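J.: Prediction below, plus the sequence it came from.
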Amino acid sequence: MSAIRTLIIDDDVAVAGIHHGFLLARGGFDVVAMAHTGQQGIDLAAELEPELVLLDIHLPDMSGLDVLQRLRGRRRPVDVLVITASRELDTVRGAMAGGVLHYLVKPFSSQALNERLDEYVLLRNELASGGAGPLDQASIDRLVAPSRRPARADPQQGQPGQSGQLEPQGQPAVRLPKGLSRPTLDAVIDALKASSEDVSAAGLALQLGLSRVSARRYLEYLVIHGHARLTPRYGAAGRPENRYLWRR
């Protein structure tokens, strides 16, 4: 897939620059512009037609929710990921009603942002591969706000667990260790099952649009729980490359 055209709207020039640098280092995203007021963001969105907007709520001339409403009024849809320090319930509900993909509260770790971007890329890949035909219910469930699905309680703990144990069907449990998400894990599992030979973390990352670090974490999780096998491949020189194969 081509790089995702991204517009950053944040009144703090330094913060916007940090977001820009993060996307540049991650790869797969093309920052077409940075705006520091709501109106500037609206104008740039109309001019540049971005596919994704990273939107702050606290802007000097208007609320980010007003910007969101204006973006939603355009004929060409745009995906929005809110990155803000605003924690008020009304603001969060307004953003959800406006159809934001994620609502990330400052301050946050680079890992947290990377996980949201991973899920977004996977969502785009699934939409792109679905064609123009009608979707079944399972496909719709995967596409509609995958990150908002509630975690299932761990029956042994009486509350949401962190065990990461495997379910009888052989799939990792819904409640995963911190930093792993079920939609991304499902995509990694599907890719491993579909491959007739072992794969590298770098190759899987490229296939799914993930960062290499994220792909390796999911692969290592599957190895630990016995669902994938790790085999080092030795080249002519240097360290061996770890390869992963689904245990059939």
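T.: Cool, got the structure.

J.: from here on, contacts and neighbour counts on C-alpha atoms
T.: Noted.

J.: The helix or strand encompassing residue 83 pairs with which strands, parallel or anti?
T.: Using DSSP states H and E, residue 83 falls within strand 79-84. Using DSSP bridges, the strands paired with strand 79-84 in its sheet are strand 52-55 (parallel), strand 102-105 (parallel).

J.: Which stretch among the ones you listed is buried most, on average?
T.: Among those, the stretch with the highest mean neighbour count (mean count of other Cα atoms under 10 Å) is strand 52-55, at a mean of 23.

J.: Check what contacts whichever helix or strand comes after that strand and list those residues.
T.: Toward the C-terminus, strand 52-55 is succeeded by helix 64-72 as the next helix or strand (DSSP H and E). For helix 64-72, contacts defined as Cα atoms under 8 Å, 6 or more residues apart in numbering pick out 38-39, 41-42, 45, 55-58, 77-78, 80, 91, 94-95, 98.

J.: rerun at 6 Å
T.: By Cα atoms under 6 Å, 6 or more residues apart in numbering, the residues outside helix 64-72 that reach it are 38, 56-57.

J.: Neighbour count and pLDDT added to the residues you listed, as TSV?
T.: TSV is the format used below for the contacts of helix 64-72 (neighbours: other Cα atoms under 10 Å; pLDDT from 0 to 100):
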residue	neighbour count	pLDDT
38	27	96
56	29	96
57	24	95
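
J.: Which single one of those is nearest to residue 244?
T.: residue 56 (39.3 Å; Cα to Cα).

J.: and the closest residue to residue 180 other than its chain neighbours, what element?
T.: Using Cα to Cα, 6 or more residues apart in numbering and skipping residues adjacent in sequence, the residue nearest residue 180 is residue 218, 7.2 Å away. Per DSSP H and E, residue 218 falls inside helix 212-224.

J.: Can you name the next helix or strand after that helix?
T.: Using DSSP H and E, the first helix or strand after helix 212-224 is strand 228-233.

J.: Going along the chain, name the helices of the protein.
T.: With DSSP state H as the criterion, the chain has helices at 13-26, 38-48, 64-72, 89-97, 110-129, 137-143, 182-194, 201-208, 212-224.

J.: Go ahead and name everything in contact with the fifth one.
T.: When you say that, I think you mean helix 110-129. For helix 110-129, the external contacting residues (Cα under 6 Å, 6+ apart) are 209-210.

J.: Residue 44: neighbour count?
T.: Close neighbours of residue 44, defined as other Cα atoms under 10 Å, add up to 19.

J.: Contacts only, for the residue nearest to residue 245 when sequence neighbours are not counted.
T.: With sequence-adjacent residues excluded and distances taken as Cα to Cα, 6+ apart, residue 245 is closest to residue 198, at 4.5 Å. For residue 198, the contacting residues are 243-245, by Cα under 6 Å, 6+ apart.
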